[in-house]
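>>> Got a predicted model here, sequence first, then my questions.
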Amino acid sequence: GEDVEQSLFLSVREGDSSVINCTYTDSSSTYLYWYKQEPGAGLQLLTYIFSNMDMKQDQRLTVLLNKKDKHLSLRIADTQTGDSAIYFCAETRYSTLTFGKGTMLLVSP
Amino acid sequence: DAGVTQSPTHLIKTRGQHVTLRCSPISGHKSVSWYQQVLGQGPQFIFQYYEKEERGRGNFPDRFSARQFPNYSSELNVNALLLGDSALYLCASSTGTGETEAFFGQGTRLTVV
């Protein structure tokens, strides 16, 4: 397909780990990104991974990349209520970003 | 350091009117891109500018235009507004046109009535 696809909704309890999945389309994408969007706000760059990497860890965030399956995931350890937001994965295509529709993460106390 | 700044933050326009949205990139960034985010969707690419030249254009009608100034700030113009143009318009700033980190502003919420 032509779209970057994400599951639309994820609900977890505070303290649990969250895993948000994404499939992308362009095998030539050099970078893959995760952005966070809180209600009424712009996009906050969380992390990105270079395509020659399998994994990148940044504090509570772990990004896993499976190039063969064009699958990207974002794991948030010890999820907090402040992590509740919409998370977008994005691939670069012709030097522009192509986004998925976003995964709404709801963290309950 | 100031991040990407956009103005205005909110705007209400009537169908058929024209609108100009403004963006100032992060200091030292020479590339500005514009995205449209309709409610419930991911952002869609509209334009990319680098060194005052258009480097990319998304699938948007000619009613949409943009430009970049010598100080690297940018304007997005939309003519003959339609109800469907109601969206959050996001500006992204990066150092170049390659696949580098893009930082977004808070956006301009445009409502067309």
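On my side now, so go ahead. All of these numbers come straight from a predicted model, not from anything done at the bench. Residues are numbered from 1 along each chain as shown, chains lettered A, B, ... in the order given.
>>> Which helix or strand contains whichever residue of chain B sits closest to chain A?
In chain B, no residue comes nearer to chain A than B:Gly42, which is 3.3 Å away by CB to the nearest CB. C-beta coordinates here come from the backbone N, C-alpha and C atoms, glycine included. For B:Gly42, there is no enclosing helix or strand under DSSP states H and E.
>>> A strand includes B:Ser65, no?
Yes - assessed with DSSP: H, G, I helix; E, B strand; the rest coil, B:Ser65 lies in a strand.
>>> how about it, what does it touch?
By CB atoms under 8 Å, 6 or more residues apart in numbering or on different chains, the residues touching B:Ser65 are B:76-79.
>>> Same question for B:Tyr89.
Going by CB under 8 Å, 6+ apart, the list of residues near B:Tyr89 reads B:6, B:21, B:34-37, B:76, B:107-110.
>>> Return the residues in contact with the closest residue to it other than its chain neighbours.
Nearest residue to B:Tyr89 in three dimensions, chain neighbours excluded: B:Thr108, at 4.7 Å (CB to CB, 6 or more residues apart in numbering or on different chains). Neighbour list for B:Thr108: B:6-11, B:21, B:88-89 [criterion: CB under 8 Å, 6+ apart].
>>> which residues does the closest residue to chain B within chain A bridge with?
At 3.3 Å from chain B, A:Phe99 is the closest residue in chain A, using CB to the nearest CB. With DSSP bridges applied, A:Phe99 shows beta-bridge pairing to A:Ala90.
>>> Then the one 4 residues further on?
A:Thr103 has the following beta-bridge partners by DSSP bridges: A:Tyr87.
>>> So what's the residue count around the residue of chain B closest to chain A?
Neighbours of B:Gly42 under the rule other CB atoms under 10 Å in any protein chain shown: 23.
>>> measure it to B:Val78 for me?
Between B:Gly42 and B:Val78 the computed distance is 20 Å (CB to CB, to the nearest Å).
>>> Each with direction, which strands does the helix or strand hosting B:Trp34 pair with?
Assigned by DSSP H and E, B:Trp34 belongs to strand B:31-37. Looking at strand B:31-37 with DSSP bridges, its partner strands are strand B:44-50 (antiparallel), strand B:87-94 (antiparallel).
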